[in-house]
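S.K.: okay, sequence plus prediction incoming.
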Amino acid sequence: MAKEKIGVVGAGLMGHGISYLFAAAGHDVGVFELSAELRATLAQRLRAIADLLGDDPACLDRVSAHDQLAPAVQNAGFVVEAAPEKLALKQKIFADLEANVATDTILASNSSAIPSTEIGRHLKHRERVVGAHFWNPPHLVPLVEVIQTETTSGPVIARTMELLRGAGMKPVHVRKDIPGFIGNRLQHALKREAIALVADGVCDAETVDDVVKNGFGARMAVLGPLEQSDLVGLDLTLDIHEVLIQHLDRTPGPHPFLRDKVAQGRLGMKTGEGFRRWTPQQADEVRERLRRFLAGMAKQRKSSGRTGEP
Ligand SMILES: NC(=O)c1ccc[n+]([C@@H]2O[C@H](COP(=O)([O-])OP(=O)(O)OC[C@H]3O[C@@H](n4cnc5c(N)ncnc54)[C@H](O)[C@@H]3O)[C@@H](O)[C@H]2O)c1
């Protein structure tokens, strides 16, 4: 059966990875990108992903880059918008999309924080607007949060999930269009407590990272937090919560410790210091270690035909 044509708006960090994974799954992909430089380097960036994953680069012939929206999304059954995180810009792109695609083409936004409900608010056919929150880098991290807006229809959710599954991704259905969806809410709940522990002098930042990486983080790819609660028993989880929950950080808004770091220009690896100190070489080593680890997991998933779990 012929695969649906996919449209991608934006060939930046996320857009090029999203283009790759659909092309690798056998779809024709039309990419709209305003920057001539990014259009010119797209093929080379896609080739680098194929090399990293050991894939046949022939799949990249299915990707075409365009400086206009219409040819990129012509005949597309599914379009992913991965343009900058600005509401007015995304609304304009969605209005342009509606004028250039069929009424049943699914329009998905990869927005991290802007509700897709708002992005699609002024469209005529709002039942086909959906959030599709990929994680960085999308060609290595399998999760996609498929977010149901106030108006998204059930069949649109089902088609989106099926398409993503067919591209080797692990889609999950988020039933409400809430800030942070699921993944970022969990991630930042953990960061809030991590920052408070360091701010309160309980330990330094390196110790927090060691505790996560060598402790509960080491098992998390296999055992999610609720699975783990079921494993040890909810009675034990309740006993722990009775004692602990009252002591967890409740600072309203971002922690002053974080605000101070940013005010002091301590922004992390890019300035040589954030919560921890970094030489350029140490920062490169961390990036390379992460890239190799994620690529190894992606290859393992591909060879075993599984999605989402190691
Ligand atoms: N970077 C991440 O880790 C990450 C993760 C998940 C989701 N997101 C979301 O994905 C989206 C894109 O983020 P990114 O990191 O790829 O940004 P990016 O800046 O790397 O890419 C955005 C691209 O859009 C292009 N662009 C600008 N205006 C455009 C227009 N009018 N039409 C078409 N293209 C246009 C830019 O030239 C650029 O190449 C954002 O909404 C972001 O919040 C990012």
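M.R.: Thanks, I have the structure now. Numbers count the residues shown, from 1 in each chain.
S.K.: which parts of the longest helix seen in the chain are buried?
M.R.: When the chain is parsed with DSSP state H, its longest helix is helix 280-304. Using 16 or more other C-beta atoms under 10 Å as the test for burial, helix 280-304 gives 294, 295, 297, 298, 301. (Each C-beta comes from the backbone N, C-alpha and C, glycine too.)
S.K.: and that helix, what does it pack against?
M.R.: Applying 3 or more C-beta pairs under 8 Å, 6 or more residues apart in numbering; DSSP states H and E, we find helix 280-304 packed against helix 36-53.
S.K.: does the helix it packs on reach the ligand?
M.R.: Yes: Helix 36-53 comes into contact with the ligand (C-beta under 6 Å from any ligand atom), by way of residue 38.
S.K.: next, the angle helix 280-304 makes with that helix.
M.R.: 60 degrees (axes from the mean of the first three to the mean of the last three C-alpha atoms, to 10 degrees).
S.K.: need the buried residues of helix 280-304 in a markdown table with distance to the ligand and pLDDT, can you?
M.R.: Formatted as a markdown table, these follow (distance: C-beta to the nearest ligand atom, whole Å; pLDDT from 0 to 100):
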| residue | distance to the ligand | pLDDT |
| --- | --- | --- |
| 294 | 13 | 95 |
| 295 | 17 | 94 |
| 297 | 18 | 92 |
| 298 | 17 | 92 |
| 301 | 20 | 87 |
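S.K.: report the secondary structure state of the residue lying closest to residue 4 once chain neighbours are set aside.
M.R.: In space, residue 4 comes closest to residue 77 once its chain neighbours are excluded; the distance is 3.5 Å by C-beta to C-beta, 6 or more residues apart in numbering. Applying DSSP: H, G, I helix; E, B strand; the rest coil to residue 77 yields a three-state assignment of strand.
S.K.: residues near the closest residue to the ligand within the chain, how many?
M.R.: Residue of the chain nearest the ligand, by C-beta to the nearest ligand atom: residue 12 (1.9 Å). Other residues near residue 12 number 14, with proximity taken as other C-beta atoms under 10 Å.
S.K.: same question for the one 10 residues further on.
M.R.: By other C-beta under 10 Å, the residues close to residue 22 number 30.
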